[in-house]
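Enquirer: no FASTA, just this:
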């Protein structure tokens, strides 16, 4: 349904990865961003997309965030692609531009669906769980890093049932990468949160890429223990936590309680699957490189918060928050030497 009008608020690596291909597919897409240089490059030269999905120069309709008040159109789909700490104001800003039958789509790292739903209504939000990878290091230029043959996008209704609009969204997202729908929205959401809790801060702490931290034995074992702790919290909240990078959630729990074959099996699987993730840098390391605020409080911090709500201790995720915060504040630099501060969890 190419007559759909689509807004992308936040045109970084993810917003660009979504907005560029949808524009190429013939949809009416408006890209809205608060980075002036980024918007100016897109206005004058277009959006450049390179990497594992080929090289493309896409002529896009990009506007500065302050120009939003000058447009008359409203949108069928509004993708929220900003950092988690910007979710509330971004949703509030876009509410007047949402059509009566329209919906928000949270294409973000953390679990922000409830924040959007509380502002817009629970019938006005669909979840979009991304397993694609990308980076933006220059204005107007997106680099895609994930395997084009691997699943990139999972979409779901918050109530977990199918619907015509869910099927439409899945069709929409298929222009970006391999997509599917789910009836386990919250379990899939939590699984993606676990991945982000593993990979994002560990890259920020060490300076390694997504693939490197999965291949390196020193980081890999800590990743498994971070995952196990987060999985326990999710399960105790009643979520059916989905496979994490193709590995069953139960395998992480078993591995974390064992130094033997179970741990070795998960480590081997992670190393073998590392190539599927590409050599890109996770968004948290990109933020640190750009001297930007990170989402640590909305990833591992979210796990700590949700654990505390049900009386569960999460010492490793708590330690990860503290360590990454020290890096963010400039007290430490990303380095493998920082792992010494986590030696009690090895």
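Expert: Nice, thanks for sending it over. In this text the structure is predicted, and so the values were computed from the model without any measurement. Residues are numbered from 1 along each chain as shown.
Enquirer: Name the residues that touch stretch 285-292?
Expert: Residues from elsewhere that reach stretch 285-292 (CB atoms under 8 Å, 6 or more residues apart in numbering): 13, 135-137, 200, 203-204, 207, 281, 293-295, 327-328, 334. (C-beta placed from N, C-alpha, C; glycine too.)
Enquirer: One more: stretch 107-114?
Expert: Against stretch 107-114 from outside (CB under 8 Å, 6+ apart): 14-15, 18, 79-84, 87, 106, 125, 127-128, 130, 158, 189-190, 192-193, 196, 200, 283, 295, 298-299, 302.
Enquirer: Which ones among these lie within helices?
Expert: Residues of these located in helices (DSSP state H): 14-15, 18, 87, 189-190, 192-193, 196, 200, 283, 302.
Enquirer: Which of the residues you listed sits closest to residue 46?
Expert: Nearest to residue 46, judged by CB to CB, of these is residue 15 at 14.9 Å.
Enquirer: So the closest one sits against residue 81, correct?
Expert: Yes. The pair residue 15 / residue 81 is scored as a contact, 3.7 Å apart, by CB atoms under 8 Å.
Enquirer: For residue 306, I want the exact helix or strand it lies within.
Expert: helix 300-309 (DSSP states H and E).
Enquirer: could you say what helices and strands the next helix or strand after that helix packs with?
Expert: Sequence order places helix 315-328 as the next helix or strand after helix 300-309, per DSSP H and E. Applying 3 or more CB pairs under 8 Å, 6 or more residues apart in numbering; DSSP states H and E, one finds that helix 315-328 contacts helix 185-206, helix 217-236, helix 283-289, helix 300-309.
Enquirer: In stretch 335-346, which of the residues would be classed as buried?
Expert: For stretch 335-346, the buried set under the neighbour-count rule, 16 or more other CB atoms under 10 Å, comprises 338-339, 342, 345.
Enquirer: whoops, stretch 257-274 was the one
Expert: Going by 16+ other CB under 10 Å, stretch 257-274 has these buried residues: 262-263, 266-267, 269-270, 274.
Enquirer: repeat for stretch 183-194
Expert: 184-194.
Enquirer: Just name the shakiest helix or strand of this structure by mean pLDDT.
Expert: Lowest mean confidence among the helices and strands of the chain (mean pLDDT, DSSP states H and E): helix 261-273, at a mean of 85.
Enquirer: That helix vs helix 217-236, what angle?
Expert: 110 degrees (axes from the mean of the first three to the mean of the last three CA atoms, to 10 degrees).
Enquirer: got the contact list for helix 261-273?
Expert: Contacts for helix 261-273 (CB under 8 Å, 6+ apart): 214-215, 217, 220-221, 223-224, 245-247, 251-252, 254-256.
Enquirer: which two in these are spaced the farthest apart?
Expert: 215 and 254 (21.5 Å).
Enquirer: domain parsing for the protein?
Expert: 5-183, 188-345 (automatic domain parsing).
Enquirer: Among those, which one carries the weakest average confidence?
Expert: The minimum mean pLDDT among the domains of the chain belongs to domain 188-345 (a mean of 91).
Enquirer: just curious, which of the buried residues of stretch 335-346 is nearest to residue 180?
Expert: Closest to residue 180, out of all of the buried residues of stretch 335-346 and judged by CB to CB, is residue 345, at 34.1 Å.
Enquirer: most surrounded residue in the contacts of helix 261-273?
Expert: residue 252 (29 neighbours; other CB atoms under 10 Å).
Enquirer: Could I get the ones in helices among the contacts of stretch 107-114 in CSV, plus columns for distance to residue 40?
Expert: Formatted as CSV, these follow (distance: CB to CB, whole Å):
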residue, distance to residue 40
14, 20
15, 16
18, 20
87, 25
189, 35
190, 39
192, 32
193, 34
196, 31
200, 29
283, 23
302, 34
